[in-house]
Structures are given as structure tokens and as C-alpha cells.
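Q: Sequence and computational prediction follow.
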Amino acid sequence: AERARLAAATGPGRTADGHPVRLLANIGSAADLRPGAEGVGLFRTEFLFLDRKQPPSPEEQTAAYAEVFERAEGPVIVRTLDAGTDKPLPFLGLPEEPNPALGVRGLRVDRLLPDVLDAQLAAIAEAARATGADVRVMAPMVTTPAEAAGFARRARAAGIAQVGVMVEVPAAALRAAEVLREVDFLSIGTNDLAQYTFAADRQHPALADLLDPRQPALLGLIEACAAAGREAGKPVGVCGEAAGDPAVAPLLVGLGVTSLSMAPSCVPLVREALARLTLEECRELARQALT
Ligand code: PEP
Ligand code: MG
């Protein structure tokens, strides 16, 4: 029992019967990196650029990414800028909106300012080349397969081979199979996916019950994404806060997701929670929760 406990305390994520589940880290800069995760599942790049009036120079961007790529263990999934609503980026100079959560945020900023994405993709590709790291990119707030295709084309043109999108909008989850035809992987952002599924502001304390990740409607969308990934033979992870909750993580595994990305401090607890249950037990938890 002691040996099992120690094995569960370090090493790759797996269920009690050995089914692998990659345990990845959510970070905002190199300072957030800790040993123990199998890679970075969500590098929130906007945190490098909050509170700035001037856009970062290409060299500055490349240096910030290279620092993370050099120090991270395993692959790094970089999320392109997720500006808007809860993450204002003054240097973009975006107009104020009456309904910011439903407005020009995430990948949608590209409709107004296409140069920003191209500059960022070029800096990511340059930092990847300079460090030799395994670097992948994904876009936030993707809604349609056409948006996924457009992002993938631009990222591949910049020289980045592995391209994914976040599933944060119900429309993308409902068309997960079509979205997956355009990209190499999906990463489900349950924070925003819950907000948009339940039409409930993710920061509103009075609506916390609606935002509970165990709501069957949300779990059903996650299950649909996982099924589409299985069918396509492509990975589907979760990178919202739910992935780092040891009470929810086994359920997500039971729904079929292949990786969980979370705050680095959550990794040991989630590893331990998974090591206690077989895949079939996780599936049973998922079946119960869905009903
Ligand atoms: C999410 O929406 O679940 C997510 C991981 O992205 P963020 O919390 O940065 O919006
Ligand atoms: Mg989000």
C-alpha cells in the first residue's frame, strides 16, 4: 500500500488499473512552473501583457515564451491572447462594449486586429525554434469549425505543427466532430463553457450553483467532445478549474477526456484521486452524474 501511495505521489497520471491520463499545468508565466506535471496544458499568455499601454515588441514576446519553453518539462500548449471581459488588455485599444462577455473577446479580436495574432504566432514559433521545445498552440473562444480552420491555417503557416482550439462555447462542443476535422486537439475550458451553457456570469457569487461543473448539461457537452476525439483519434483535454478538483477529475476521466490541466498545486491531489479508482469506476461515476 505504501509503494502504491508513493507511486501515486509522483510520476505520470493513471487510474488504479493503469489507464493513462496526462496531468498538465496551467501557468501564466515561467514563475508558475513546478516539478510534477507532465507538461503545460494551458499557458495563459495574456498575463504577460496585462496593465500595458504599449504592445510588447516581437523580441520581448519571443523572450517571454522562450523562458517558459526552456524551463518546462514536457510539451507546452500556448494559448493565444484571450483579451476581453475578465482579461482587459489596454494596449489593444479595443472599444468598450455593452456586453463584453458576448462581444469581441478571445480569437474574435482577430476580426478587428489581425496583426496581433500573426505577431504572436511568429514569436511563439521563433521561441520554439530557438529552444527546440515541443510547442503547440490553441485559440480561445472558438465558436465554429470555420474559425478553427482559419486559426489552424495561420498557425501552421507560422510554422507550428500541432494546433488545437479551446471549447468554451456550447456551439463548438455541439459541433466537436466538425471542429476536430480542422485541428489536432481540443481543450475544454469549463470555466467559460459553464458560463455560456448556463448563461451565468462565471464571477457571480449568487450563481455558483449553476456554474457547478457537475451539472449534467455541462457534463453532456464534455462527453460529446470526448466521443468526437475518440472517433477522430485526437486528444481532448479539460483545462478549466474543474480539472484540478479531485472530486470532479475522476468524473471527467470517466467521460473520456485524455488529459487534465490545472493549477500546479492541484496536480498531486488529482494524481492521488485518479490512482484510487479504476477506469470502469470513473465511467460509473460519469454515468451517475450524467443522469
Ligand atoms: C476556461 O475558460 O475554462 C479557461 C481555462 O480559460 P480562462 O479561465 O483563462 O478563461
Ligand atoms: Mg476561458
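A: Thanks, I have the structure now. Ligands and ions are numbered 1, 2, ... in the order given.
Q: Now do the helices in this protein.
A: 2-9, 58-71, 114-131, 145-157, 170-174, 176-180, 190-197, 216-232, 249-255, 267-275, 279-290 (DSSP state H).
Q: any idea which of those scores lowest on pLDDT?
A: Among the helices of the chain, helix 2-9 has the lowest mean pLDDT, at a mean of 59.
Q: sorry, back to before: who wins for proximity to Leu81 among the helices of the chain?
A: Minimum separation from Leu81 across those (Cβ to Cβ) falls at helix 114-131, 6.1 Å. No exception for glycine: its C-beta is placed from N, CA and C like everyone else's.
Q: Tell me the buried residues in that closest one?
A: Buried positions in helix 114-131, judged by neighbour count with 16 or more other Cβ atoms under 10 Å: 116-117, 119-128, 131.
Q: and what of stretch 212-220?
A: Those would be 213, 215, 218-219, for stretch 212-220 by 16+ other Cβ under 10 Å.
Q: quick revisit: of the helices of the chain, which is nearest Ala37?
A: Closest among the helices of the chain, using Cβ to Cβ: helix 267-275, at 5.2 Å.
Q: got the CA positions of stretch 259-275 in CSV?
A: Extracted C-alpha coordinates of stretch 259-275, given in CSV (Å, rounded to 0.1, in the frame of the first residue of the first chain):
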residue,chain,number,x,y,z
SER,A,259,-5.7,14.9,-20.2
LEU,A,260,-6.4,17.3,-17.3
SER,A,261,-4.6,20.6,-17.0
MET,A,262,-4.8,22.5,-13.7
ALA,A,263,-3.0,24.9,-11.3
PRO,A,264,0.3,23.2,-10.5
SER,A,265,-0.6,22.9,-6.8
CYS,A,266,-3.6,20.7,-7.7
VAL,A,267,-1.6,18.1,-9.5
PRO,A,268,-0.6,15.8,-6.5
LEU,A,269,-4.2,15.7,-5.2
VAL,A,270,-5.7,14.9,-8.6
ARG,A,271,-3.0,12.2,-9.2
GLU,A,272,-3.9,10.6,-5.9
ALA,A,273,-7.7,10.8,-6.6
LEU,A,274,-7.2,9.0,-10.0
ALA,A,275,-4.9,6.4,-8.6
